[in-house]
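> coords below, sequence missing:
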Ligand SMILES: N[C@@H](CCC(=O)N[C@@H](CS)C(=O)NCC(=O)O)C(=O)O
């Protein structure tokens, strides 16, 4: 902070009085803050007193006690003997899983639909416009329940005992089962190798871009890139025992077991959220593209650029600046809408927290946890998108 | 759903935060002043609480509320029913939205203590069972290793299920859906191998909701838990819980002494049995003691019959045997302390 001292004697020191606007503003804000704090404190104290009077347990120590209920899908190890904290963590990871995959798919689908709705092809334009208007106006809860009803119906998909494998994949009313490589150090090494190769490639392409700036020439990274991304994981795999065993799903007792599975609950929530949000994103992309002045396209065309290049290199980069802020709120909406999982039993955070609330009777604590987790997730998403927005805003030359 | 939870907590905080006075007056006075009993019931379970197309509620849980309203107001219709699912029921009681929760709810230690509820008595001794499709060919719950199981959240059912499979070293995949209709639909669509809840609930679902009139499904013989179902009230009002508790005892005493809806008025006038005279208020004292009119039992039994009549009207049609719910002197567990 720099302090600029006024030249001495330039003006008589101002006397602050209560009638001074600045002073009044500060006083009022202080009063307002006090009132808010007082109300908050009053509500808190009263709530605590009343909970105590009604003999309702308070506090967060329930988080350490045994949950006692099973959860259908978990990304981390979990059993009914685990505590509530772990159960809630399972729920939160499930929320993240469906939200992140949903955001990626909804964005891809939304961009396709948005571009399609501006197509000169009458049929494509009308179909995509219809898609947007139709799906935007059906409540997302209804869409999720509809997907679920379809996915678990024996009319569309066979039961686990009737299902027949196609390339080792079973599509049943209890989900899609597919073969995966059996867990082995070789596969872990391959994954690590792939990640390292990806990091190396990113660094190389940065360096390449710098070189292009400096010298105007750059080599294509395509072949070395492919070699790196495929070669390194392959070597890592080969050097660590070259495992080839595959975990095939097979019918055992009532159900298929082995392999990996996508449950109908997850799929219904994912499809519902993706399709619904993609309609909004489509509309955002469309208006973003329309916001780019026509002259840009015309100029690009005059330069002889191909339509696909014009879209990728001229239009979309400029449209992004209009698109990103409303896109952020769609991402936040999608994440929050994932709490509709409760309707079809996908064990997201709200689902697990609701059960926790009911088993422990500690509603206020449970809902506080839900609110804090969603708040932090939303703030993190916004922060990331703001960062991205600033980054692309700087592209301006 | 998020919105719903938020609203729930908002109302909970507001109700608990502001209505400091709610605790001060007695529930009995509040209900009398209102002229109506507010009764939390199931969203729709045959035999317990089910609304017909005209909005008229029937069932054994409903009858208990009708009996209380009848003994307070002389009119069994003076009840407002609030349908509550598994997740809403306790909050509704804690915040005072309902006067009584009469909704196939299991009496457990945590609910009775740290959740701020008090259970008045057991209205129905039940146990948890399993329903499967006949075509699976399963004969016993012990054969269910690896099954997919449909269950409602926030129930004792959910916990017993996990306990049972853990104890028997078996695995299962739960499909946990909040809404009763939805969870039934998922089961009947074939999403799960097993549907589990209280045996009475299974019987109701089998008779009312199953496709093909229930011919394709069976309830397995094992009951894996004790589920004493009964009405609960909020803690801290002794008089109110006494009224609920002794209404149930009165309905049981009525059955034991052969008092029924058809003969109750007659008996109230000319009984010579001192016990019956006391119960029916011919010899005054009991009504005053509990804070109700002297003919409280007459009014209640006239409205809903005795416990046996309630059972025959609502539970018998589900094909359930009286079993544990018989009177103590007929081989059951129903034993009411004396009204004297
Ligand atoms: N007795 C158990 C379970 C009672 C229960 O809620 N059962 C289910 C299945 S029969 C039910 O009545 N659901 C109706 C609803 O959610 O409205 C408990 O108190 O936790």
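Cool, got the structure. The structure displayed is predicted, hence computed values, not measured ones.
> can we go C-alpha only for contacts and neighbour counts from here?
OK.
> please list all residues in contact with the closest residue to the ligand within the stretch 51-200 of chain A.
Minimum separation of the stretch 51-200 of chain A from the ligand (CA to the nearest ligand atom) falls at residue A:69, amounting to 12.6 Å. Contacts for residue A:69 (CA atoms under 8 Å, 6 or more residues apart in numbering or on different chains) come out as A:79-80, B:158-159, B:161-162.
> just the buried residues of those.
When those are checked for burial by 16 or more other CA atoms under 10 Å in any protein chain shown, the buried set is A:79-80, B:158-159, B:161-162.
> any chance of those residues in CSV with pLDDT and distance to the ligand as columns?
Below are the buried ones among the contacts of residue A:69 laid out as CSV (pLDDT from 0 to 100; distance: CA to the nearest ligand atom, whole Å):
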residue, pLDDT, distance to the ligand
A:79, 95, 20
A:80, 95, 17
B:158, 95, 8
B:159, 96, 9
B:161, 97, 12
B:162, 96, 14
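> count of residues packed around residue A:34?
12 (other CA atoms under 10 Å in any protein chain shown).
> give me the pLDDT for residue 70.
Since no chain was named, I'll use chain A. What the model reports as pLDDT for residue A:70 is 96.
> hmm, I had chain B in mind actually
On the pLDDT scale, residue B:70 is placed at 97.
> next up, identify which helix or strand it is on.
Following DSSP states H and E, one finds residue B:70 within helix B:60-73.
> tell me which helix or strand residue 267 sits in.
Going with chain A. Under the criterion of DSSP H and E, residue A:267 resides in helix A:264-290.
> nope, chain B
Assigned by DSSP H and E, residue B:267 falls within helix B:264-270.
> how about residues contacting stretch A:279-296?
Residues outside stretch A:279-296 that contact it (CA under 8 Å, 6+ apart) are A:106-107, A:109-115, A:117-118, A:131-133, A:135-136, A:314-316, A:318-323, A:326-327, A:330.
> give me the low-pLDDT residue ranges for chain B?
By pLDDT under 70, the low-scoring segments of chain B are B:1-24.
> can you pull out the strands in chain A?
Using DSSP state E, the strands of chain A run over A:170-172, A:175-178, A:180-181, A:246-247, A:250-252, A:255-257, A:260-262.
> make that the stretch 51-200 of chain B, sorry
Assigned by DSSP state E, counting those that start in this stretch, the strands in the stretch 51-200 of chain B fall at B:57-58, B:79-83, B:100-101, B:117-119, B:124-126, B:128-133, B:147-151, B:172-176, B:194-198.
> out of those strands, deepest packed?
strand B:100-101 (a mean of 26; mean count of other CA atoms under 10 Å in any protein chain shown).
> and the longest helix seen in chain B, what does it pack onto?
Counting residues, the longest helix found in chain B (DSSP state H) is helix B:238-256. On a contact count with 3 or more CA pairs under 8 Å, 6 or more residues apart in numbering or on different chains; DSSP states H and E, helix B:238-256 meets helix B:27-34, helix B:60-73, helix B:286-290, helix B:296-304, helix B:307-314.
> immediately after the first one, which helix or strand?
Scanning forward in sequence from helix B:27-34 by DSSP H and E, the next helix or strand is strand B:37-41.
> not counting its own residues, what contacts that next one?
With CA under 8 Å, 6+ apart, strand B:37-41 has contacts from B:31, B:49, B:61-62, B:65, B:69, B:78-84, B:89, B:92-93, B:97-103.
> whichever residue of the stretch 151-300 of chain B sits closest to the ligand: neighbouring residues, count only.
Residue nearest to the ligand within the stretch 151-300 of chain B (CA to the nearest ligand atom): residue B:155, separated by 3.3 Å. Residue B:155: 18 surrounding residues under other CA under 10 Å.
> swap in residue A:146?
If you count neighbours by other CA under 10 Å, residue A:146 ends up with 14.
> residue numbers of the stretch 151-300 of chain A in contact with chain B?
Neighbours of chain B within the stretch 151-300 of chain A, by CA under 8 Å from any CA of the partner chain: A:152-154, A:159, A:173-174, A:253-255.
> selecting buried members of the residues you listed in PyMOL, what would you type?
Selection of buried members from those for PyMOL, criterion 16+ other CA under 10 Å:
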select buried, chain A and resi 152+153+154+159+173+174+254+255
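> enumerate every residue touching the closest residue to residue B:70 other than its chain neighbours.
Computed as CA to CA, 6 or more residues apart in numbering or on different chains, the closest residue to residue B:70 that is not its neighbour in sequence is residue B:76, at 4.3 Å. For residue B:76, the contact set (CA under 8 Å, 6+ apart) comprises B:65-70, B:300, B:303.
> for the residue lying closest to residue B:220 once chain neighbours are set aside, give the beta-bridge partners.
Distances taken as CA to CA, 6+ apart place residue B:130 nearest to residue B:220, at 5.5 Å, with adjacent residues excluded. Taking DSSP bridges, one obtains residue B:196 as the residues bridged to residue B:130.
> so residue B:130 is in contact with residue B:219, correct?
Yes - contact criterion CA atoms under 8 Å: residue B:130 and residue B:219 qualify, at 5.7 Å.
> which residues do those two both contact?
Common neighbours of residue B:130 and residue B:219, counting by CA under 8 Å, 6+ apart, are residue B:202.
> counting neighbours, which bits of the longest helix of chain B end up buried?
The neighbour-count check on helix B:238-256 (16+ other CA under 10 Å) flags B:240-241, B:243-256 as buried.
> OK, contacts around residue A:323?
With contact set as CA under 8 Å, 6+ apart, residue A:323 has these partners: A:284-285, A:287-288.
> of those, closest to residue B:283?
Distance to residue B:283 across the contacts of residue A:323 (CA to CA) is lowest for residue A:284, with 79.8 Å.
> the residue lying closest to residue B:265 once chain neighbours are set aside: how many residues sit nearby?
Spatial nearest neighbour of residue B:265, chain neighbours left out: residue B:298 (6.8 Å); criterion: CA to CA, 6+ apart. Using other CA under 10 Å, the number of residues around residue B:298 comes to 28.
> any idea how far residue B:298 is from residue B:246?
Residue B:298 is 13 Å from residue B:246, where distance means CA to CA, to the nearest Å.
> domains of the chain?
Using chain A. For chain A, automatic domain parsing gives the domain ranges A:86-180+A:245-277+A:326-377, A:183-244.
> that's the other chain; I wanted chain B
Taking automatic domain parsing as the domain assignment, the ranges for chain B are B:25-125+B:229-323, B:128-225.
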